[in-house]
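[1] below are the sequence and a predicted model; questions follow.
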Amino acid sequence: MTFKAVIFDLDGVIVNTVPLYHKATLPVADKLGISFTEEDNLAYQGRPRMELVQMLAERSDQSFSHDELVELGEWRNRNYQQLIAQLTEDDLMPGMKAFIKNLANERIPMALASASSNAEFVLHQLGLFSYFDVIMDPKSLRKGKPDPEIFVTAADRLGIAHKDCVAIEDGKAGLEAILSTQMFSIGVGTAPYLSAADWTISQTSCLTLEKVRAQYKQRQEK
């Protein structure tokens with residue numbers, strides 16, 4: 001028995017946008033009068049834009065209206081869009097293009113489960129758009145990560161049982177979402193929370209079709 005589909009997060013899994021996420025958010029944090037460290041960046045990774053802004057605002061001593069928070073969210077998105085417009089294939093995570101191509105060659109369906117409203121643009125920038133059978137629109141969802149809705153909906157749209165899916169994440173909220181499903185979880189990175197995944201790899205260059213199949217099979221045999 002082997003897996004039948006792969007569901008990807010985008011930022012920090014397919015493309016190295018985690019530093020861009022941090023850079024785009026820093027001015028918003030400054031406006032709120034709070035710090036936004038690299039550790040904070042990883043902790044908030046994968047959350048919808050407005051949820052991120054609201055969570056940051058809760059740490060501020062200042063008061064902001066709903067409209068002001070919306071404007072801060074839009075400002076952050078404009079910052080991010082300027083940064084991702086400069087993305088090239090050089091920004092792909094190591095080994096990821098080969099992994100995606102191998103999945104396509106094996107006719108294994110793929111879905112993108114990113115909280116970013118800019119995900120389609122990024123995939124086009126990187127020449128990967130055509131590889132994905134499903135690209136989730138976060139605006140169509142009722143709840144964001146760590147709720148599993150984005151992952152289970154992606155699997156449903158692929159027509160694949162949840163237990164037959166592999167889902168790959170680097171963010172805390174995203175991993176929590178996967179862990180509340182029957183999917184096989186792969187955590188990318190060295191953050192302590194990633195140890196909860198079914199399989200943890202320090203970097204994407206460790207990711208091969210053969211290794212994923214072996215790890216998936218090992219879990220099924222437990």
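    Ah, there it is. On a predicted model such as this, the values are computed, not experimentally measured, just so you know.
[2] and the next helix or strand past the least confident helix or strand in the chain by mean pLDDT?
    Least confident element among the helices and strands of the chain, by mean pLDDT, DSSP states H and E: helix 38-44 (a mean of 86). As assigned by DSSP states H and E, the chain's next helix or strand after helix 38-44 is helix 49-57.
[3] one step back: now do the least confident helix or strand of the chain: which elements does it pack against?
    Packing contacts for helix 38-44, counted by 3 or more Cβ pairs under 8 Å, 6 or more residues apart in numbering; DSSP states H and E, involve helix 18-32, helix 49-57, helix 172-179. The way it works is simple: take the backbone N, C-alpha and C, and place the C-beta from them, glycine included.
[4] out of those helices, which is the most enclosed?
    Of these, the one with the most neighbours on average (mean count of other Cβ atoms under 10 Å) is helix 172-179, at a mean of 24.
[5] quick one, it and helix 49-57 angle?
    Helix 172-179 and helix 49-57 are oriented at 120 degrees to each other (axes from the mean of the first three to the mean of the last three Cα atoms, to 10 degrees).
[6] please parse the protein into its domains.
    5-16+88-220, 18-84 (automatic domain parsing).
[7] can you give me the end-to-end span of the longest one?
    Domain 5-16+88-220 has an end-to-end distance of 15 Å (criterion: Cα to Cα, to the nearest Å).
[8] from the chain's centroid, how far away is it?
    Remark: domain 5-16+88-220 is offset 7 Å from the chain centroid, using Cα atoms, centre = their mean, to the nearest Å.
[9] just the shortest one next, same as before
    Its chain's C-alpha centre lies 17 Å from the corresponding centre of domain 18-84 when counted by Cα atoms, centre = their mean.
[10] same check on stretch 87-94?
    16 Å.
[11] return it as PDB; C-alpha atoms alone will do.
    Presented in PDB, the C-alpha positions along stretch 87-94 are these (Å, rounded to 0.1, in the frame of the first residue of the first chain):
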ATOM      1  CA  LEU A  87      10.900  35.500  -7.000                       C
ATOM      2  CA  THR A  88      12.700  33.200  -9.500                       C
ATOM      3  CA  GLU A  89      13.400  29.500  -9.600                       C
ATOM      4  CA  ASP A  90      16.500  30.200  -7.500                       C
ATOM      5  CA  ASP A  91      14.100  30.700  -4.600                       C
ATOM      6  CA  LEU A  92      12.700  27.200  -4.800                       C
ATOM      7  CA  MET A  93      13.500  25.000  -1.800                       C
ATOM      8  CA  PRO A  94      16.300  22.600  -2.500                       C
END
